[in-house]
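Engineer: next comes the sequence, and after it the predicted model I'd like to discuss.
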Amino acid sequence: MPAVELKILDERLRGWGLPRYQSAMAAAIDLHACLEAPVELAPGAPPALISAGFALHMADPGLAALVLPRSGLGHRQGLVMGNLVGLIDPDYTGPIMVSAWNRNGPGTPPIRLAPGDRFAQLLFVPVLRPDFAVVEEFTAPSERGAGGFGSTGHR
Ligand SMILES: O=c1ccn([C@H]2C[C@H](O)[C@@H](COP(=O)(O)OP(=O)(O)OP(=O)(O)O)O2)c(=O)[nH]1
Ligand SMILES: [Mg+2]
């Protein structure tokens, strides 16, 4: 696949590590928190919008990227995304931003983030963009029909 253009917006990334896969088969690249100073995310506080310090131009309608929590931080510490999943469009050329949210309940300690911390990850995904045929009735029968939301049971 052709290389995706990437612009470094924060020179500190050159020291922290340019966007890269952390292992031979890692699916996502880790994002560094491009902060000026450490921040504390208090439980229940609104998410903080933090730059990942670079911009992309995927320029391919068949491509997009998702901003996801890192499993360890999300599961153990409660650091997740305020938008749950961030979507980066292939025509977006601004800084990759991460909505960092402490999902823990009241009375728990704040989550501390320091400049350069790897605090989220970016997963590239293929995108399908079908055209739509507006119809009055669906042409083909469907075994499921309108059944959803647990209609097939639990066991
Ligand atoms: O976590 C995120 C989510 C979005 N974006 C950027 C890239 C994305 O392409 C753009 C728009 O995102 P989205 O379409 O999800 O948000 P919107 O609220 O619909 O904004 P817009 O009206 O600009 O499409 O914002 C980020 O940098 N980080
Ligand atoms: Mg949008």
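Structural biologist: Noted; the coordinates are in hand. Ligands and ions are numbered 1, 2, ... in the order given.
Engineer: gap between stretch 134-147 and the chain center?
Structural biologist: 33 Å (C-alpha atoms, centre = their mean, to the nearest Å).
Engineer: smallest gap between this protein and ligand 1, at which residue?
Structural biologist: Gly86 (2.1 Å; C-beta to the nearest ligand atom). All C-beta atoms are positioned from the backbone trio N, CA, C, and that covers glycine.
Engineer: who's the residue sitting nearest the centre point of the chain bridged to?
Structural biologist: For the chain, the residue nearest the mean C-alpha position is Val67 (0.8 Å; C-alpha atoms, centre = their mean). Beta bridges link Val67 to Gly86, Leu122, judged by DSSP bridges.
Engineer: Leu31 too?
Structural biologist: Assigned bridge partners for Leu31, using DSSP bridges, are Ala120.
Engineer: please verify my assumption that it contacts Ala120.
Structural biologist: Yes - counting by C-beta atoms under 8 Å, Leu31 touches Ala120, with 4.6 Å between them.
Engineer: any common contacting residues for these two?
Structural biologist: Jointly contacting Leu31 and Ala120 under the rule C-beta atoms under 8 Å, 6 or more residues apart in numbering are Ala52, Val67, Val98.
Engineer: for Val134, state which of these is nearest.
Structural biologist: Val67 (32.9 Å; C-beta to C-beta).
Engineer: ok, the closest one - contacts?
Structural biologist: Counted by C-beta under 8 Å, 6+ apart, Val67 has contacts 31, 81, 83, 85-88, 96, 98-99, 120-122.
Engineer: now narrow the shared contacts of Leu31 and Ala120 to whatever sits close to ligand 1.
Structural biologist: Of the residues in the shared contacts of Leu31 and Ala120, proximity to ligand 1 by C-beta under 6 Å from any ligand atom holds for Val67.
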